[in-house]
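J.: With the input below, show me the fold.
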Amino acid sequence: MSGRRGPLFNPHASFHLRAGGEDRAWAATARDWQKWRPDWPTSPHWYTPDTFRALIAAYLAEERRGGHARTVRELVAEFDGLTGSIKQKRVLAKAGLSGARLSRLCDDDEIDEAACSTDFTPSRIAIQEATEQS
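T.: Numbers count the residues shown, from 1 in each chain. As a prediction, the model looks like this:
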């Protein structure tokens, strides 16, 4: 990693480089910045149609093994910025999935590709909602 790129991708860290008889230092630019943790909600921006479809498939596989049968609302609630019920209702209404079980997005053991790739999927609408609220 170049000495110039380290601070760019680590705004919370300070760096000191000693090389070739020279000393360089980069102070942290955002000391209060926190790295994402696995117990925090994920961002809807992180999902492509393929990874969103894989997420749905994983939940449906869990359900078929006797696990919890999720609703689309429960899935939407996992996204950062969409934990509030008002936002969840708006996302589901726009997607036409109010009250729907996640299994509704599956047809003949296949995740509906159209449901994961249009502008009206919960993940895409969630992105719109999160962006509009910023």
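J.: Name the nearest residue to the residue positioned nearest the centre of the chain, ignoring sequence neighbours.
T.: For the chain, the residue nearest the mean C-alpha position is S43 (2.6 Å; CA atoms, centre = their mean). Excluding its sequence neighbours, the residue lying closest to S43 (CB to CB, 6 or more residues apart in numbering) is D80, at 4.9 Å. Bear in mind the C-beta positions are built from the backbone N, C-alpha and C, glycine included.
J.: residue contacts, the one you found?
T.: Counting by CB atoms under 8 Å, 6 or more residues apart in numbering, D80 touches 40-44, 130.
J.: Ok, Q34 next?
T.: Listed by CB under 8 Å, 6+ apart, the contact set of Q34 reads H12.
J.: From what I see, A77 and T83 are in contact.
T.: Yes: A77 is in contact with T83 according to CB atoms under 8 Å; the separation is 5.8 Å.
J.: When the two are compared, which one has more neighbours?
T.: A77 (18 against 12; other CB atoms under 10 Å).
J.: Okay, buried residues for stretch 11-25 please.
T.: The neighbour-count check on stretch 11-25 (16 or more other CB atoms under 10 Å) flags A13 as buried.
J.: Now do the end-to-end distance for that stretch.
T.: Using CA to CA, to the nearest Å, the end-to-end distance of stretch 11-25 comes out at 13 Å.
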